[in-house]
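In: A predicted structure for the sequence below; I have some questions about it.
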Amino acid sequence: MARAARATKITQLDSVPPSKVTLDEADRLIIEVLQRDGRRPYGSIATEVGLSEAAVRRRVARLRESGALEIVAVTDPLQLGFHREAMLGVKVTGDVREVANAIADIDEAIYVVMCAGSFDIIVEVIAEDDEHLVKVLNEQIRAIDGVTEVETFVYLKLAKQTYSWGTR
């Protein structure tokens, strides 16, 4: 079975949230440039934002070390052989954090968030096809102790996906 290559960020659900990073205008401009093209050379960024290449390099390193910025390759699942994407609404009994952590361990679960409302957890899943999705639902998600209900929202067509929201 092929796996989607992706960067993975898993947050311990009971950990203290990281402290807020203070951004100045130059940091925001650097982030905006990198959101358009994460491979942009530091020298080119420096010219656009009006800093030295060394200053841009230091700022990017600081932003990365603080966790405020991560540079990754964004892939198109369809191009990589993953033809079924779905959002799952999961209802839980017991400790939601334990169930969320168990779901986060599933390779096909690419986004897991605890939430308030009709569902306790929202999960984005990427699968090769419908058969693979059914296997993930039945053999992995529903098999987790504490999962009481799963509602599946199958993606038909992506209308918008953006990564440029981070500097507003």
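Out: Yep, it's here. Numbering: from 1, shown residues only.
In: point out where this structure drops to low pLDDT.
Out: Within the chain, the segments meeting pLDDT under 70 span 1-18, 165-168.
In: how about the strands in it?
Out: Along the chain, counting by DSSP state E, strands occupy 84-92, 109-114, 121-127, 147-154.
In: so which of the ones you listed gets nearest residue 61?
Out: Proximity to residue 61, assessed across the strands of the chain by CB to CB, is greatest for strand 109-114 (27.1 Å). Yep, even glycine has a C-beta here, placed from its N, CA and C like the rest.
In: buried ones in the closest one?
Out: Within strand 109-114, the residues scored as buried using 16 or more other CB atoms under 10 Å are 109, 110, 112.
In: can you tell me which of the residues you listed is nearest residue 26?
Out: residue 110 (32.2 Å).
In: hmm, that closest one is touching residue 125, no?
Out: Yes - between residue 110 and residue 125 a contact is recorded at 7.1 Å, counting by CB atoms under 8 Å.
In: wait, which of the strands of the chain is closest to residue 55?
Out: Residue 55 lies closest to strand 109-114 among these, at 34.2 Å (CB to CB).
In: sheet-wise, list the partners of the closest one with their directions.
Out: strand 121-127 (antiparallel) (DSSP bridges).
In: mind listing residues that contact the partner strand?
Out: With contacts defined as CB atoms under 8 Å, 6 or more residues apart in numbering, strand 121-127 is touched by 4, 77, 82-90, 92, 96, 99-100, 103, 108-115, 133, 136, 141.
In: may I have that strand as CSV, with CA atoms only?
Out: What follows is strand 121-127, C-alpha atoms only, in CSV (Å, rounded to 0.1, in the frame of the first residue of the first chain):
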residue,chain,number,x,y,z
ILE,A,121,-13.2,14.9,17.0
ILE,A,122,-12.9,15.9,13.4
VAL,A,123,-10.6,13.8,11.2
GLU,A,124,-9.4,14.2,7.7
VAL,A,125,-8.6,10.9,6.0
ILE,A,126,-6.8,10.2,2.7
ALA,A,127,-7.2,6.8,1.1
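In: please point out which parts of that strand sit buried.
Out: Residues of strand 121-127 classed as buried by neighbour count (16+ other CB under 10 Å): 121, 122, 123, 124, 125, 126, 127.
In: which one of the residues you listed is nearest to residue 67?
Out: Among the buried residues of strand 121-127, residue 124 lies closest to residue 67 (CB to CB), at 21.1 Å.
In: among the contacts of strand 121-127, which ones are buried?
Out: Neighbour-count burial within the contacts of strand 121-127 applies to 77, 82, 84-86, 88-90, 92, 96, 99-100, 103, 108-110, 112, 133, 136, 141; the criterion is 16+ other CB under 10 Å.
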